[in-house]
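Peer 1: this one's structure only:
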Ligand SMILES: Cc1cc2nc3c(=O)[nH]c(=O)nc-3n(C[C@H](O)[C@H](O)[C@H](O)COP(=O)(O)OP(=O)(O)OC[C@H]3O[C@@H](n4cnc5c(N)ncnc54)[C@H](O)[C@@H]3O)c2cc1C
């Protein structure tokens, strides 16, 4: 049985659902799924992980007193070595972007981020390059293999198993020259774009920051995330973390709504893998209208309030 | 107190990419400095202007044409540059080794900047590997930096609404994010001045770098196909809203 390490992430005390897709993608007869849980009580997570076929949960406890990417990455490497893990899969999420490259650098191991397809036996993956304009097949060589998966590329499927929980205490080396002063959260606690199933994004057509409320109002009913074009970000209407595109977040939702967004090549780079794209634009000739699944030629200031009303009355 | 800025020569984000052979692109397109590297240079120049740094050195691993990006870097404030020449595409395992070797040989860094990622290969890892080879601390997606001789205090945007504040001892590696500044694009006199600044060319093959056992090789590159057939939703605002709800419910099944 080849142990496959899964780097598990939590949000609000719950395992992020995209981790279950990751477990599903990694599962095979000759493999054992080992969940690596860092500085989060693993007992709560055990049942959820067992449902997706995990048979060992490594409960990594560091002395870092909260988030510390340098210490957490060192701890993951130590836990991999202790458990004979040479293959590690994580998400291309904010946490994954911090930890996976640090793990790969420590091990001098190949790493491909944002994989849309993974063959763990052949060490071969597919990922997008040149801002989504091409798909590259990359083969990796080495003694260890690190993969960052794009969220939502594999749908989670349950495969119940029983798991053992192993404690793994880790003390960091002193004098690494890297120190966490603080982590500030503004409480917005917004769902991270890259892992959202539904994203509603606004662009120049929104005209100002206040009007983004129209998007948030719709998003609330759908538990959707709100994104933006670069124009909306550069104008200071919304923070950069909401930017979708080549120089923003790359997203892969089931539904992407582009509202008052023209669909520039750079914006497409971030959302072209969305399953269903719905565009709302006054200009029937906007690029987005020719490259979406549904389009509305109309004024967003008419459509959004009506949509909010319709969503509010949906029975679920 | 030298600042090194690692820059990459990449296709213009608006360029049409066509695949040539199995795993290469047609390179007869517009190439530019990787956008995140512009933020890195702007910040380096700002730190130097505040009287804190002695010299800014731009470093690039690339084909001979990458000199253009180094010229841009010098127009944006680098005093000189180093081009590690190669005629091939290299993964970040080799790139980080090459950059580390060139910097180590050139001098003593105080801060090493990179962009947080490059927009062509989108690997998101070179800065971490570079730091590992040099044994230095590293932070990514840095949107604010306060530098002093002992090190830097940086703010990093981890995700919407979450900022991490780190203290790193110098020397250290800083991966510039978009929120760091507005790039200070060069004026014509800057460009003229940059032509006189020196570019040192060194050959990758002559660098003392070990041959890693690990690697990432692009086997195949294919154009990403877009095959959507747009369908119009029409009617009154209320009709359209109802149709969207229906799509969310019955087709996308997200409600
Ligand atoms: C290096 C580089 C990187 C970039 N990275 C990104 C990136 O990551 N993400 C990104 O988004 N952009 C990026 N851009 C910018 C990109 O080129 C475009 O400028 C940007 O995407 C346009 O944003 P927009 O669609 O909101 O604005 P516009 O192109 O101005 O489009 C606004 C749209 O709103 C419509 N509209 C106006 N009013 C209404 C209304 N009342 N109702 C409905 N529709 C309305 C208009 O018809 C128009 O189609 C990048 C550019 C460069 C050079």
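Peer 2: Yes, it's here. All of these numbers come straight from a predicted model, not from anything done at the bench.
Peer 1: going forward, measure contacts between C-alpha atoms and count neighbours the same way
Peer 2: Fine.
Peer 1: Pull up the residues of the stretch 1-150 of chain B that are close to chain A.
Peer 2: The stretch 1-150 of chain B has residues B:11, B:13-14, B:17, B:23, B:93, B:119-125, B:128-129, B:132, B:136-138, B:140 near chain A, with proximity defined as C-alpha under 8 Å from any C-alpha of the partner chain.
Peer 1: wait, what's in contact with the closest residue to residue A:245 other than its chain neighbours?
Peer 2: Nearest residue to residue A:245, sequence neighbours excluded (C-alpha to C-alpha, 6 or more residues apart in numbering or on different chains): residue A:270, at 3.6 Å. For residue A:270, the contact set (C-alpha atoms under 8 Å, 6 or more residues apart in numbering or on different chains) comprises A:131, A:132, A:244, A:245, A:246, A:248, A:249, A:250, A:251.
Peer 1: how about 10 Å then?
Peer 2: Applying C-alpha atoms under 10 Å, 6 or more residues apart in numbering or on different chains to residue A:270 gives the contacts A:131-132, A:194, A:229, A:243-252.
Peer 1: returning to that earlier point: out of the residues of the stretch 1-150 of chain B next to chain A, which are buried?
Peer 2: Neighbour counting by 16 or more other C-alpha atoms under 10 Å in any protein chain shown classes B:11, B:13, B:17, B:93, B:119-125, B:128-129, B:132, B:136-138, B:140 among those as buried.
Peer 1: Please name the strands paired to the strand or helix carrying residue A:128 in the sheet, noting orientation.
Peer 2: If you go by DSSP states H and E, residue A:128 is part of strand A:124-129. Applying DSSP bridges to the sheet, strand A:124-129 is found paired with strand A:111-119 (antiparallel), strand A:134-141 (antiparallel).
Peer 1: could you dump these to JSON lines with mean neighbour count?
Peer 2: Shown next, in JSON lines, are the strands paired with strand A:124-129 (neighbours: other C-alpha atoms under 10 Å in any protein chain shown):
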{"stretch": "strand A:111-119", "mean neighbour count": "22"}
{"stretch": "strand A:134-141", "mean neighbour count": "21"}
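Peer 1: These into CSV, with extra columns for distance to the ligand?
Peer 2: Shown next, in CSV, are the strands paired with strand A:124-129 (distance: least, C-alpha to the nearest ligand atom, whole Å):
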stretch, distance to the ligand
strand A:111-119, 16
strand A:134-141, 17
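Peer 1: Distance to residue B:161 and mean pLDDT for the ones you listed - can I get that in CSV?
Peer 2: CSV is the format used below for the strands paired with strand A:124-129 (distance: least, C-alpha to C-alpha, whole Å; pLDDT from 0 to 100):
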stretch, distance to residue B:161, mean pLDDT
strand A:111-119, 22, 96
strand A:134-141, 31, 97
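Peer 1: Which among those strands is found nearest to residue A:214?
Peer 2: Nearest to residue A:214, of all those, is strand A:111-119, at 31.0 Å by C-alpha to C-alpha.
Peer 1: before we move on, back to that, next step: the residues of the stretch 1-150 of chain B next to chain A restricted to helices.
Peer 2: B:93, B:128, B:129, B:132 (DSSP state H).
Peer 1: Please produce a markdown table containing those, extended by pLDDT.
Peer 2: Converted to a markdown table, those look like this (pLDDT from 0 to 100):
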| residue | pLDDT |
| --- | --- |
| B:93 | 97 |
| B:128 | 98 |
| B:129 | 98 |
| B:132 | 98 |
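Peer 1: measure residue A:95 to residue A:10 for me?
Peer 2: Per C-alpha to C-alpha, to the nearest Å, residue A:95 is found 10 Å from residue A:10.
Peer 1: right, I mislabeled it, should have said residue A:110
Peer 2: Here residue A:110 is placed at a distance of 25 Å from residue A:10 (C-alpha to C-alpha).
Peer 1: For the two, work out which one has more neighbours and name it.
Peer 2: The neighbour count for residue A:110 versus residue A:10, taken as other C-alpha atoms under 10 Å in any protein chain shown, is higher for residue A:110 (27 against 15).
Peer 1: give me every residue that touches the more buried one.
Peer 2: Per C-alpha under 10 Å, 6+ apart, neighbours of residue A:110: A:101, A:104, A:123, A:139-147, B:91-93, B:125, B:213-217.
Peer 1: Now restrict those to buried residues only.
Peer 2: Among those, the ones that count as buried by 16+ other C-alpha under 10 Å are A:101, A:104, A:123, A:139-142, A:144-147, B:91-93, B:125, B:214-217.
Peer 1: Going by proximity to the ligand, name the top residue of the stretch 101-250 of chain B.
Peer 2: Closest contact between the stretch 101-250 of chain B and the ligand, by C-alpha to the nearest ligand atom, is at residue B:119 (8.6 Å).
Peer 1: I'd assumed residue B:14 was in contact with that residue.
Peer 2: No - contact between residue B:119 and residue B:14 fails when scored by C-alpha atoms under 10 Å: they sit 11.2 Å apart.
Peer 1: Find residues that contact each of these two.
Peer 2: The contact sets of residue B:119 and residue B:14 overlap at residue A:131 (C-alpha under 10 Å, 6+ apart).
Peer 1: Keep the contacts of residue A:270, but drop any that are not near the ligand.
Peer 2: A:229, A:243, A:244, A:245, A:246, A:247, A:248 (C-alpha under 6 Å from any ligand atom).
Peer 1: and residue A:5, backbone torsions?
Peer 2: Note on residue A:5: backbone dihedrals following degrees, to the nearest 10 are phi -80, psi 130.
Peer 1: mind checking pLDDT for it?
Peer 2: Per-residue confidence (pLDDT) for residue A:5: 98.
Peer 1: dump the residue contacts of it.
Peer 2: Neighbouring residues of residue A:5 by C-alpha under 10 Å, 6+ apart: A:23, A:26, A:32-36, A:54, A:56-58, A:76, A:79-80, A:83-90, A:146.
Peer 1: And the helices in the chain?
Peer 2: Because you didn't say which chain, this covers chain A. Ranges of helices in chain A, per DSSP H, are A:18-26, A:42-51, A:69-82, A:94-107, A:212-222, A:230-234, A:265-271, A:300-312.
Peer 1: looking at chain B here, not the other one
Peer 2: Going by DSSP H, chain B shows helices at B:35-49, B:67-75, B:92-106, B:126-134, B:188-194, B:237-246.
Peer 1: dump the residue contacts of the nearest residue to residue B:234 once chain neighbours are set aside.
Peer 2: Among residues not flanking residue B:234 along the chain, residue B:240 sits closest, at 6.0 Å (C-alpha to C-alpha, 6+ apart). Neighbour list for residue B:240: A:295, A:296, A:298, A:303, A:304, A:306, A:307, A:310, B:232, B:233, B:234, B:246 [criterion: C-alpha under 10 Å, 6+ apart].
Peer 1: Setting aside sequence neighbours, what's the nearest residue to the second one?
Peer 2: Same thing as residue A:296. residue A:280 (4.8 Å).
Peer 1: quick one, phi/psi of residue A:196?
Peer 2: phi -80, psi 140.
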